[in-house]
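In: Let's see this in three dimensions:
(one chain, ligands or ions: 2)
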Amino acid sequence: MNDSTPDTPESRFVNPPLKRHPTLQPLSREHFGGLVLVRRLREAADADEPARQATVGLLREAWEGELKGHFADEESLLGPHLKDSDMARLIEEHRALERHIKMADSAGCAPSAEWLRETATMLEEHIRWEERELFPAAERAGAEGLDKMAHEADRIERERPGARRRQDTR
Ligand SMILES: [Fe+2]
Ligand SMILES: [Fe+2]
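Out: Numbering: from 1, shown residues only. Ligands and ions are numbered 1, 2, ... in the order given. As a prediction, the model looks like this:
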């Protein structure tokens, strides 16, 4: 973070704190994109029907282009270093978010304000839990294992633009 970057909760995810293990940094950067999406979902909840529909389009794109792969990478990278209860919660919340997002496809109409707010809350709480508890727990338990997975961080950055350092995405 430099002097021109405002110190807000979201800005801290743009270039994650140095204490984050390098293998997990691309995933932490994607959390910034997730929080931007949370804000858009909340804004859309107060908007008209076309705006709500457009926001669901953004959410679908995010699911296909980023969230789906992000969830799978978290499960494979963090999984070996998590206690069973944390792994169970990780998988349960990922599947719940997936089911919830796919509800928009089957509805066939613009999503309700309630659905948009609920989606925002689920996503935000999941990201906060990961950043505050899950990632630190995986780092404490599996620093050596994470060192050996550095190539996975390179792959994630190649595959998903939101995982790259901000100066690399221009
Ligand atoms: Fe996750
Ligand atoms: Fe995540």
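
In: tell me what the longest helix belonging to the chain is packed against?
Out: Longest helix in the chain by number of residues (criterion: DSSP state H): helix 84-107. When contacts are defined as 3 or more CB pairs under 8 Å, 6 or more residues apart in numbering; DSSP states H and E, helix 84-107 packs onto helix 49-62, helix 68-78, helix 113-129. Yep, even glycine has a C-beta here, placed from its N, CA and C like the rest.

In: Without its sequence neighbours, what residue ends up closest to A141?
Out: H81 (4.5 Å; CB to CB, 6 or more residues apart in numbering).

In: Repeat that for S76.
Out: Per CB to CB, 6+ apart, closest to S76 is E152, 8.0 Å.

In: Low-confidence stretches in the protein?
Out: For the chain, applying pLDDT under 70 flags the ranges 1-18, 107-109, 167-170.

In: Could you say which helix or strand holds the residue nearest the centre of it?
Out: By CA atoms, centre = their mean, the chain has its centre lying nearest to H31, at 3.9 Å. For H31, the host element (DSSP states H and E) is helix 25-45.

In: Show me what that helix is packed against.
Out: Using 3+ CB pairs under 8 Å, 6+ apart, helix 25-45 is in contact with helix 49-62, helix 68-78, helix 113-129, helix 150-159.

In: one more time with 10 Å
Out: Applying 3 or more CB pairs under 10 Å, 6 or more residues apart in numbering; DSSP states H and E, one finds that helix 25-45 makes contact with helix 49-62, helix 68-78, helix 113-129, helix 135-147, helix 150-159.

In: For these, give me JSON lines that also has distance to M87 and mean neighbour count.
Out: As requested, the helices and strands packed on helix 25-45 are exported to JSON lines (distance: least, CB to CB, whole Å; neighbours: other CB atoms under 10 Å):
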{"stretch": "helix 49-62", "distance to M87": "24", "mean neighbour count": "16"}
{"stretch": "helix 68-78", "distance to M87": "8", "mean neighbour count": "18"}
{"stretch": "helix 113-129", "distance to M87": "13", "mean neighbour count": "17"}
{"stretch": "helix 135-147", "distance to M87": "10", "mean neighbour count": "16"}
{"stretch": "helix 150-159", "distance to M87": "18", "mean neighbour count": "15"}
